[in-house]
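>>> Next one to model:
(2 chains)
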2 protein chains.
Amino acid sequence: MRVLVAGGGAAPEGLLEAFAAYERALMADDLSAMDALFAPGPDTVRGDRDGLLVGHEQISEFRRFRGGAPRRELGDVHVQAVDGDSAVIVAVTLAARGGRGVQTQLWRRIEGSWRVTAAQVGPPAQTFDATVWRAVGSPLVASTGRGPLTGETVAVKDVYAVAGFSIGAGVPEHQADSPVQTEHAAAVARLLEAGAAVAGIAQTDQLAYSIAGTNEHHGAPVNPALTGAVPGGSSSGSAVAVSLGAATIGLGTDTAGSIRVPASYQGLWGLRTTHGSVPTAGLLPLAPDFDTVGLLTRDPERLARAARVLVGGNGGGLGDLLTDPSLTALAQPEVAAVVGGYADRRGAQQIALGIDLDMAYEAFRVHQAYQAWQTHGPWIEEHPGAVIGAAGQRFAIASRVSAAEDAAALAALGQFRAALDAALGEAVLVLPSASSVAPSLTAPAAEVDAIRAATLRLTCLAGITGRPALSVPGGWVDGAPVGICLVGPRGSDLALLARFHR
Amino acid sequence: MRVLVAGGGAAPEGLLEAFAAYERALMADDLSAMDALFAPGPDTVRGDRDGLLVGHEQISEFRRFRGGAPRRELGDVHVQAVDGDSAVIVAVTLAARGGRGVQTQLWRRIEGSWRVTAAQVGPPAQTFDATVWRAVGSPLVASTGRGPLTGETVAVKDVYAVAGFSIGAGVPEHQADSPVQTEHAAAVARLLEAGAAVAGIAQTDQLAYSIAGTNEHHGAPVNPALTGAVPGGSSSGSAVAVSLGAATIGLGTDTAGSIRVPASYQGLWGLRTTHGSVPTAGLLPLAPDFDTVGLLTRDPERLARAARVLVGGNGGGLGDLLTDPSLTALAQPEVAAVVGGYADRRGAQQIALGIDLDMAYEAFRVHQAYQAWQTHGPWIEEHPGAVIGAAGQRFAIASRVSAAEDAAALAALGQFRAALDAALGEAVLVLPSASSVAPSLTAPAAEVDAIRAATLRLTCLAGITGRPALSVPGGWVDGAPVGICLVGPRGSDLALLARFHR
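This next block holds a predicted model:
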């Protein structure tokens, strides 16, 4: 460490001691010391490559959640004093792991004590983000043809076969244990033939059994649209790669919302295709009766182009736009207001679907769990400890669903599907893509569970009916994106895109 | 854009206008306007993920070289005024390509005008650095055995066969045009069997015909040890990946310095192995009479462990340490001082090798060029425009070397080799790894050419004799690393590492 004071004088009295104390607290992960050295109040800010945290409280919460900063030493420390009570310190940091970072802090003497009121932390250049990608290249796999997707790059969720790679599915042991694929999955092959290249294989929640995007093995990728929030899953890596411009098309899957939820949380366009409309050859299943191929993009034109490649020439007619206020009311009031406003502007008719959502979701949940265990149970039992955290708990619950329970759920699902088809016909149902904006990474478990329960009651309707669902960026709540979901009749994927592209 | 002033008051008079003017100048790449809005003098600093630029001049040069900033808009702009003449502005930036960044600036009113005295620019999270990697994963290729390298990760220069990938060699058309490899190169296979995984395939200068590390297709990767400097090549990606901790072992090649130069420029340990001691099966050649397998690490213990896997049990005896002051004198005086100091501390005997270095290098250059054209000429002629910039010019020159000229060069090389072997015997020669510290990315072409000419006169000695060369981090000149090169007798790779590990 070498201290360089601009102009050549001495640093303001006590400043370097406070700076050193902060560095010690950081290395010791001494949260209360760090909290004390940052100025209290709502105006204190801290930025890093994941965004800007605003207010002492949010910064403190972030530190509590982070669990320590990477080891580092200090290189040159540049001090620019404004006056005896204010200075900016720009420091070069030398990471123990390798590489050099930069950090800028505004220090103010407040009531006699030096405190940081603004900070920006720039870690060493990161060459590969393993929370977003499992493997990535320029490109990882070249296109195999020319067509409407020439020039596009795809982030392929790590549940699709990519020749030359095993399927990891967000579980390191699964990646190590699975055979290297010799052929691309059908959906991947179609995109490659149409001119797209595979940018990379993107991270997913474990075995795609989550809507949070917080894979416990690889870590949660950043939500580029909302600092400190979960990205949404399970197509988390594909969505974040698209949000960050690292790929132009995200290829994901949607069983219970895994396209619609990250689309909503990140302000993307997302399409859950009609169940069965895109071949699932080479796709690792979760619950085949609900699993669908899905797409994520930053703009509707590209989404339509990619969808046409995947689903071919489908496109039934579309009827009226309908909305059921009891569905919208499942969302946070601010989200419901955005969705309600969209429905009103589009002249949606209000209806009452008249089904018991709790029972419909319960039937969906039971059959999804039963199929998930049929699909992955034997492997999970042979690999104890491979699937961890919330997904692990979910599979444990799934293991206890009996065949009789599943049969009852299937019967109920048939009735709900018939009832929904009768109520909707050719109409398009507008509802929230998710029940909330993206929750904070530090949100309490009870809050996360409540949000999840409400979201799944909304997303399961497309699952039960096999209908396509388009998630459209619908607006903002306090800077957080809100998605609007449009559920059309089966086979109307392209028609939905044509009608709701803005 | 939304402006939020801490404490709720107004921003200091004129500040936001200056801030807006800077943003306009940035988007217009108006260099003189940006220069005027940054405070003059040596104390102004600007940091980003590539490091910290110090002084108005360095910042201005960087901007001139950059060629424009990525398109963006501003999100929330947080203003913290210290007094009427000083304020920090922290702004969220919204990249047109996707993602959000953060930028911090200290503005001061100097002689009536607002100017930036300190700035940190944090672009949106980067998930993949294509200047370092051509493809990367976690891992990209799993280990195939357990052994002394278990847990290590390798950055494989993109001239080695990695099964499932074509060989790109830093040339996009070559990557597209080359067959997908079905087997790993011998060196890659040995590392995998010893327990290492392949982190990724790392970028190289075009067809490895450079020592700069400034690939014109993919861009120069950052030199993590020296802000604004070239990384050194041609094993540039492998070296930078190791410097940044993104891999623990860099697998490269060294024909005319492509391991030693990046090791020297980045403060790494580097080993050019004895010519022929490691099988080159699956390695794209440049000039086979000089091509060698090489390694880069951050520490000597790991280098020795990896070297043992590659070269097996070689290890002849080592004689005295010798130094020829006329070689050291080819380097910049400050570099020569570091090398001279090292030689003195180790008690190196001064000798005069007594060869005409200009003629030795000329013979090396001609035969390298002749072989390079034999190797790549037909492909380059079939793909005009594929190899560009300095490497392209070098191949154009190589195309004009006649068989007669090559025969004369070969004869001269035989004489120089005999003379060097006679002078050195079992001794170890200490000399600079490169003639300078890493030159700036913005250095004038004449300066770069002079540095290159001097460096190649030093590096060609190992090339001519086939001797192994170990580059050791030897010290610093104004914060820039300097490498010491130790050339031992053929087969002494492991003995060199055992003797010079600190």
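>>> What about the closest residue to A:D205 other than its chain neighbours, how many residues nearby?
Spatial nearest neighbour of A:D205, chain neighbours left out: A:S234 (3.7 Å); criterion: Cβ to Cβ, 6 or more residues apart in numbering or on different chains. To be clear about C-beta, it is placed using only N, CA and C from the backbone, and glycine gets the same treatment. When neighbours are counted by other Cβ atoms under 10 Å in any protein chain shown, A:S234 registers 35.
>>> Measure how buried A:G164 is and give me the count.
A:G164: 17 neighbours (other Cβ under 10 Å).
>>> which residues does the nearest residue to it once chain neighbours are set aside contact?
Using Cβ to Cβ, 6+ apart and skipping residues adjacent in sequence, the residue nearest A:G164 is B:G164, 3.7 Å away. By Cβ atoms under 8 Å, 6 or more residues apart in numbering or on different chains, the residues touching B:G164 are A:G164, A:F165, B:V141, B:V180, B:Q181.
>>> before we move on, what SS does B:G164 have?
coil (DSSP: H, G, I helix; E, B strand; the rest coil).
>>> ok, now the one 3 residues further on?
In three-state terms, and counting by three-state DSSP, B:I167 is coil.
>>> Okay, buried residues for the helix ranked longest in chain A please.
As assigned by DSSP state H, the longest helix anywhere in chain A is helix A:357-382. Along helix A:357-382, these residues count as buried under the neighbour rule (16 or more other Cβ atoms under 10 Å in any protein chain shown): A:357, A:360-361, A:363-376, A:379-380.
>>> Distance from that helix to the middle of the chain?
Put simply, helix A:357-382 sits 22 Å off its chain's centre (Cα atoms, centre = their mean, to the nearest Å).
>>> tell me what that helix is packed against?
helix A:389-398, helix A:403-424, helix A:445-465 (3 or more Cβ pairs under 8 Å, 6 or more residues apart in numbering or on different chains; DSSP states H and E).
>>> And the residue nearest to A:G164, how far from B:I201?
For B:G164, the distance to B:I201 equals 10 Å [Cβ to Cβ, to the nearest Å].
>>> Please apply the same query to A:V162.
16 Å.
>>> Give me the more crowded residue out of these two.
Neighbour count, other Cβ under 10 Å: between A:V162 and B:I201, B:I201 has more, with 30 against 24.
>>> and the helix or strand encompassing that one, does that touch chain A?
Element membership for B:I201, per DSSP states H and E: strand B:197-202. Yes. Applying Cβ under 8 Å from any Cβ of the partner chain, one finds that strand B:197-202 is in contact with chain A at B:A199, B:G200, B:I201.
>>> just to revisit the earlier point, got the helices and strands packed on helix A:357-382 as TSV, with mean neighbour count, mean pLDDT and distance to A:S32 columns?
As requested, those are exported to TSV (neighbours: other Cβ atoms under 10 Å in any protein chain shown; pLDDT from 0 to 100; distance: least, Cβ to Cβ, whole Å):
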stretch	mean neighbour count	mean pLDDT	distance to A:S32
helix A:389-398	18	97	28
helix A:403-424	15	98	50
helix A:445-465	20	97	24
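>>> Indicate which one of those is closest to chain B.
helix A:389-398 (18.4 Å; Cβ to the nearest Cβ).
>>> Tell me which other helices or strands that closest one touches.
With 3+ Cβ pairs under 8 Å, 6+ apart as the test, helix A:389-398 has helix A:357-382 packed against it.
>>> What mean pLDDT does the helix it packs on get?
In this model, helix A:357-382 carries a mean pLDDT of 98.
>>> Equivalent analysis for stretch A:257-265, please.
98.
>>> Give me the pLDDT for the closest residue to chain B within the stretch 151-300 of chain A.
Residue of the stretch 151-300 of chain A nearest chain B, by Cβ to the nearest Cβ: A:G245 (3.2 Å). At A:G245, the model reports a pLDDT of 97.
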